[in-house]
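1. The sequence and its predicted three-dimensional model are supplied below.
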Amino acid sequence: MSDVPPPGPRYLCLSDLHLGAAYSLLTHSDDDGRPDPSTASATLVAFGQALRQTVAALQTATPGSPPTTLVLLGDVLDMGLSPMGDTAAGFQRFIEALYPAGAPAVFSPHVLCVPGNHDHHLWRIAQDRQYLQALDSAPADLVQATPLLAGGPTPPVPSELLTRLMRRQPQLADATVSIVYPNLGLFHEASGRCVLMHHGHYVDSTYTAMSSLNQALWQQKPPPTVADIEAQNGPWVDFLWSDLGSAGATGQGALALYEVLRDAAASRRFTQRAGDEAVRLLSATLGISGQSQTVKGLTVEQLLRALLDVTLGRAAESERDADLQVISSDGLQQLVAYLAGPLKRQLDEALGSAAPRVGATRFIYGHTHKPWQRELPVPGYAMPVAVYNTGGWVIDQPTMGSSQGAAAVLIDEALNVASLRLFNDPLNGVMAPVHAADAAGIRPQANPLREALAAAIEAQADAWQQFTQAACSAAERQAERLLDRFFTPGQS
């Protein structure tokens, strides 16, 4: 192996921070469990310190390494369940932790954001802005997706909200946050390596329910492109989670809805009511009667209820709730289908004549709140795809799951990828230590970034130990609060 140290990390991916939510370990809560994002949580402070030290050590190993670009891979803001003021304040505390005033610049002031289902509203804002910019020259319909590859000829779509929040830090007066949606890609010309990123909601059948409805009602084929997926399902994502936190009494009920969907019996009752409302909306907006015949003698009402049951109604039994596995067989099938179909098509179109040169491919996503890494054979790719999940930062049920937790994924200039495994839910009061990992299971091979990351973690062991202690304490405290809400004293 070469004695030349690898370049410092070019990108660092984080997802599912759910900033502003009381159930996020990165949001400070008062003694009664109410979110108070005016103050940074102990977990966030410890994380910011340890992460900055570790990334700085990787950069120092190679003089001249530029600051690392943050990729916020969805559900960074808890817009689906929390008021806008809380999410904005939570994001400010996050920026202060990673960009402290008077400290050396470890992270670039230019951030990339790939919205998820909880902060899908960020994409809606960017979508509107892009349309307004095009009005004077070539007015058209709203775009449903941005170009895949970073650094292409199309200018990025700015997030005015996140940009202005960053610029409230005096040293970040020129900061920018650019929206890329629903996928972000990197391609290394010399080696043919490729990294693809997506929040993960379109790998989840819950968020493609409208496409399922189209297929069942009108025998349409599955949406072939990522733009088609977004056009069909984006409004459904908005209806489910995006920006409900600021919707007054409805927003206050969103958290209750979230908890209902995590309970199998309660979710069945909810889908019955949701079915009634969906049938009413179809009749009012499209003139379609719930008793209209569709396929195999089923009425619209019967078919719609069945679709809601297998999506929303089974959310309580979804990937996030299968505690003993990081991904189910159905989830794995959906993941492979997304990689082999719409995402591969977008990649081929973006690369054009260079597409046949794609070699090793990495895919990074979050959404499930379960960090993992593994190589998977995927049709259409020359080599197995190394899949990395960034997990999540929430404790939203009173029982701990050994598969739940969070990771940060680093990418270097040569598109080597390594996972900074931050934590899994504590078991019996013990949380596993922070460590480095990669997905080299099918084809074990040297990974200079993983090796450098492991050494940097060891050098910053004290800082990471403080983080682990803070995260463990916060997780157990939140689980106790949830237990108090679910059970009354003296109840058997």
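-> Arrived safely, thanks for sending. Worth saying up front: this structure is predicted, and the values here are computed from it rather than measured. Residues are numbered from 1 along each chain as shown.
2. hey, let's count contacts and neighbours off CA atoms from now on
-> Noted.
3. quick one: contacts for the closest residue in space to residue 342 that isn't next to it in sequence?
-> Taking C-alpha to C-alpha, 6 or more residues apart in numbering, and ignoring the residues beside it in sequence, residue 342 has residue 225 as its nearest neighbour in space, at 4.6 Å. For residue 225, the residues meeting the contact criterion (C-alpha atoms under 8 Å, 6 or more residues apart in numbering) are 341, 342, 343, 345, 346.
4. ok, how many other residues are close to the second one?
-> Residues lying near residue 342 (other C-alpha atoms under 10 Å) number 18.
5. so it makes contact with residue 226?
-> Yes: applying C-alpha atoms under 8 Å as the test, residue 342 and residue 226 come out as touching, 5.4 Å apart.
6. Overlap in contacts, the two.
-> Taking C-alpha under 8 Å, 6+ apart as the contact rule, residue 342 and residue 226 have no neighbour in common.
7. can you give me the strands in the stretch 51-200 of the chain?
-> 69-72, 110-113, 157-158, 176-179, 183-187, 194-198 (DSSP state E, counting those that start in this stretch).
8. Lowest mean pLDDT across those strands, which one is that?
-> Lowest mean pLDDT within those: strand 157-158, a mean of 90.
9. Mind giving me the packing neighbours of that one?
-> Counting by 3 or more C-alpha pairs under 8 Å, 6 or more residues apart in numbering; DSSP states H and E, the packing neighbours recorded for strand 157-158 are helix 121-134, strand 176-179.
10. List the residue ranges of the stretch 201-350 of the chain that fall below the pLDDT cut-off.
-> Residues of the stretch 201-350 of the chain meeting the criterion pLDDT under 70: 241-288, 290, 293-298, 300, 303-324.
11. and if we set it to 80?
-> 216-220, 239-324 (pLDDT under 80).
12. Next step: the contacts of residue 225 restricted to strands.
-> In strands, judged by DSSP state E, none of these are found.
13. before we move on, the earlier item: now that we have the helices and strands packed on strand 157-158, can you turn them into a markdown table and tack on distance to residue 147?
-> Supplementary listing: the helices and strands packed on strand 157-158 in a markdown table, determined by distance: least, C-alpha to C-alpha, whole Å:
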| stretch | distance to residue 147 |
| --- | --- |
| helix 121-134 | 13 |
| strand 176-179 | 11 |
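14. before we move on, the earlier item: would you turn the strands of the stretch 51-200 of the chain into TSV with distance to residue 95 and mean neighbour count?
-> Putting the strands of the stretch 51-200 of the chain into TSV (distance: least, C-alpha to C-alpha, whole Å; neighbours: other C-alpha atoms under 10 Å) gives the following:
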stretch	distance to residue 95	mean neighbour count
strand 69-72	11	22
strand 110-113	11	23
strand 157-158	17	21
strand 176-179	12	22
strand 183-187	22	22
strand 194-198	22	23
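15. and of the ones you listed, who's closest to residue 143?
-> strand 157-158 (11.2 Å; C-alpha to C-alpha).
16. now what about the closest one, what contacts it?
-> The contact list for strand 157-158, computed with C-alpha under 8 Å, 6+ apart, reads 126, 127, 129, 130, 176, 177, 178, 179, 180.
17. Kindly report the same for stretch 460-470.
-> Outside stretch 460-470, the residues touching it (C-alpha under 8 Å, 6+ apart) are 42-43, 46-47, 49-50, 53-54, 422-423, 431-434, 457.
18. Okay, helices next: where are they in the stretch 1-150 of the chain?
-> In the stretch 1-150 of the chain, helices defined by DSSP state H, counting those that start in this stretch lie at 42-60, 84-98, 121-134, listed in chain order.
19. quick one, helices of the stretch 151-300 of the chain?
-> Listed in chain order, the helices of the stretch 151-300 of the chain (DSSP H, counting those that start in this stretch) span residues 160-166, 209-218, 226-240, 248-261, 264-281, 300-310.
20. Which strands or helices does the first one pack on?
-> When you say that, I think you mean helix 160-166. Identification of packing neighbours for helix 160-166 by 3+ C-alpha pairs under 8 Å, 6+ apart yields helix 84-98, strand 176-179.
21. where does residue 326 land in three-state SS?
-> In the three-state summary, residue 326 is assigned as coil, counting by DSSP: H, G, I helix; E, B strand; the rest coil.
22. sorry, back to before: wait, which of the contacts of residue 225 is closest to residue 397?
-> Looking at those and their distance to residue 397, the nearest is residue 343, at 32.6 Å (C-alpha to C-alpha).
23. Neighbours of that closest one, how many?
-> Residues lying near residue 343 (other C-alpha under 10 Å) number 22.
24. In this protein, which helix is the longest?
-> When the chain is scanned for its longest helix (criterion: DSSP state H), the result is helix 461-486.
25. buried stuff in that helix?
-> If you call a residue buried by 16 or more other C-alpha atoms under 10 Å, then helix 461-486 has these buried ones: 461, 463-464, 466-479, 481-482.
26. now swap in stretch 333-344 and tell me
-> Residues of stretch 333-344 classed as buried: 334, 335, 336, 337, 338, 339, 340, 341, 342, 343, 344 (neighbour count, 16+ other C-alpha under 10 Å).
27. Just give the closest residue to the last one, not the sequence neighbours.
-> Just to be clear, that refers to residue 344. Here the nearest residue to residue 344 in space, its sequence neighbours aside, is residue 380; by C-alpha to C-alpha, 6+ apart that works out to 7.5 Å.
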